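*Asks:* Based on what follows, work out the 3D shape:
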Amino acid sequence: MPQDNTVQSVERAFKILEELATEKEGLGVTELASRIGLHKSTVHRMLTTLLSLGYVEQNTSSEKYRLGMKILFLAEAILDRMDIRREAHDLLEELSSKANEAVHLVVPDGFRAVYIDKLDSNKTIRMFSQIGRTVPLHASAVGKAILAFADKEFVEEAIKQGLTKFTKNTITNPKELLKHLEIVRKQGFAIDDEENEEGIRCIAAPVFDYTGKVIGAISISGPTVSMTHEKVERLSKDVIDCANKISQRMGWQPNR
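*Replies:* Below is the predicted model of the structure:
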């Protein structure tokens, strides 16, 4: 088979698979051919090959085609290599150089968040944080970034655990926290304004996986003398952009 025809066949096969991925109940040959702009006979021939390989299956009642279970074999290989810390580290380095403040990566651990990566700034004053340390969800920027995009049931359960007061700025009223989380969702980032530790201000954004589930957060943190409100506002786009890039490496697609 000529090289051009081989490439064209591969391209058509992937178009078919991608289109089938959008329909849980599957598609018939006619509709599938219409969607991807190919002749019915061509689509049927491609489907027959994909069916024999296990990447497509056919419902005997409706005669519609849908993705086969063998697709999971390929997907699993990708998911297994998606280590958030490895995928995020170089992006955190870029963010750290822009901000010249401490940068953190956290993941949820029950009803707290645990630091799994940290990059210090080159300043003399260092953040009192370390990998493995946990922070409360309701009183930290990373925690609020996670809560704002978590399931409603999880948020309710987190509130039931109690909203401990750490500083005079800690939000301890459930209704106030829920309103605050709405703001976080709208703006795409959370701020810890000396809510967990006096003299420390942070900004954070959520990280999502391929299903759209929030799986962590990144933050920029520093003493209030350098992390001014103006600096936090200036860094808001950078922290969101960085979190989105990490999410995309984890398979997240913003348009889905």
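
*Asks:* and the spatially closest residue to Ile171 that is not a sequence neighbour, what are its phi and psi?
*Replies:* Distances taken as CB to CB, 6 or more residues apart in numbering put Leu177 closest to Ile171, at 4.8 Å, once the chain neighbours are dropped. C-beta here means a position set from N, CA and C on the backbone, and glycine is covered the same way. Backbone dihedrals for Leu177, given as degrees, to the nearest 10, come out at phi -60, psi -40.

*Asks:* what's the first-to-last distance across stretch 130-144?
*Replies:* Stretch 130-144 has its terminal residues 19 Å apart, counting by CA to CA, to the nearest Å.

*Asks:* residue contacts, Ala113?
*Replies:* The neighbours of Ala113, taking CB atoms under 8 Å, 6 or more residues apart in numbering as the test, are 106-107, 134-137, 140, 142-143, 146, 216-217.

*Asks:* Please convert the buried members of those residues into ChimeraX selection syntax.
*Replies:* Selecting only the buried members of the contacts of Ala113 in ChimeraX, with burial defined as 16 or more other CB atoms under 10 Å, works like this:
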select :106,107,135,136,137,140,142,143,146,216,217
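
*Asks:* is it true that Asp120 touches Asn100?
*Replies:* No: at 10.3 Å, Asp120 and Asn100 do not qualify as touching, with contact defined as CB atoms under 8 Å.

*Asks:* Just name whatever secondary elements the longest helix along the chain is in contact with.
*Replies:* The helix spanning the most residues in the chain, taking DSSP state H as the definition, is helix 229-249. Counting contacts by 3 or more CB pairs under 8 Å, 6 or more residues apart in numbering; DSSP states H and E, helix 229-249 is packed against helix 84-99, strand 200-208, strand 214-223.

*Asks:* need those in a markdown table with mean pLDDT, can you?
*Replies:* A markdown table is the format used below for these (pLDDT from 0 to 100):
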| stretch | mean pLDDT |
| --- | --- |
| helix 84-99 | 93 |
| strand 200-208 | 97 |
| strand 214-223 | 95 |
